[in-house]
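[1] here is my input; please provide its structure:
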Amino acid sequence: MTPEKLQLIAFKWFETFNNKELEKLLSLYDEDAVHFSPKLKMYKPDTNGFVTGKEALREWWQDAFERLPSLNYKVKSLTANGDRVFMEYIRTVNGEEDMLIAEVLDIKENKIIASRVYHG
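    All right, here's what the predicted structure looks like:
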């Protein structure tokens with residue numbers, strides 16, 4: 001895939017996430033996509049930070065959208081090449097300190113097959 005096509009998927013990801021359009025967000029993912037997040041590990045320790053498949057992603061994000069209605073991501077930078085997008089963004093939630101996040105999206109055949117979130 002071209003870097004431009006990868007970036008379009010990433011920008012669509014931000015748009016659907018920030019608009020809390022859960023089904024549109026999930027449509028960007030492969031049925032068997034794997035997602036890792038330190039927040040998952042914290043809130044659902046039994047997952048060890050990983051969920052697999054759209055249903056697990058739906059549960060995770062629906063919970064996050066309900067718990068954190070002001071949750072928003074502001075893009076700082078995107079780097080795309082090969083089959084991967086590296087994203088840096090600022091996580092904002094009312095009443096919480098802003099957090100710098102890095103996330104990697106692995107993309108195959110126009111679908112996200114894996115995503116990994118990193119933050120300190």
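[2] which parts of the protein are helices?
    Ranges of helices in the chain, per DSSP state H, are 3-18, 22-26, 38-43, 54-67.
[3] which one of those lies nearest to D106?
    helix 3-18 (10.2 Å; CB to CB). For the C-beta atoms, the positions are set from N, CA and C on the backbone; glycine is no exception.
[4] so which bits of stretch 8-15 are buried?
    Neighbour-count burial for stretch 8-15, counted by 16 or more other CB atoms under 10 Å, picks out I9, A10, W13, F14.
[5] list the contacts of the helix or strand of the chain with the lowest mean pLDDT.
    None of the helices or strands of the chain scores lower by mean pLDDT, DSSP states H and E than helix 38-43, at a mean of 91. For helix 38-43, contacts defined as CB atoms under 8 Å, 6 or more residues apart in numbering pick out T47, N48, G49, F50, V51, W60, D63, A64, V117, Y118, H119.
[6] and the two most separated of those residues?
    Among the contacts of helix 38-43, D63 and Y118 lie farthest apart (CB to CB), at 20.7 Å.
[7] which non-adjacent residue is nearest N81?
    Excluding its sequence neighbours, the residue lying closest to N81 (CB to CB, 6 or more residues apart in numbering) is P3, at 5.6 Å.
[8] doesn't D83 make contact with the one you found?
    No. Here P3 does not reach D83: they are 10.7 Å apart, not a contact under CB atoms under 8 Å.
[9] returning to that earlier point: report the distance from the least confident helix or strand of the chain to the chain centre.
    In terms of CA atoms, centre = their mean, to the nearest Å, the centre of helix 38-43 is found 14 Å from the chain centre.
[10] buried set for it?
    Buried residues in helix 38-43, counting neighbours by 16+ other CB under 10 Å, are found at L40.
[11] now stretch 43-61
    K44, T47, G49, V51, K54, A56, L57, R58, W60, W61.
[12] next: stretch 65-79.
    For stretch 65-79, a neighbour-count test (16+ other CB under 10 Å) marks L71, N72, Y73, L78 as buried.
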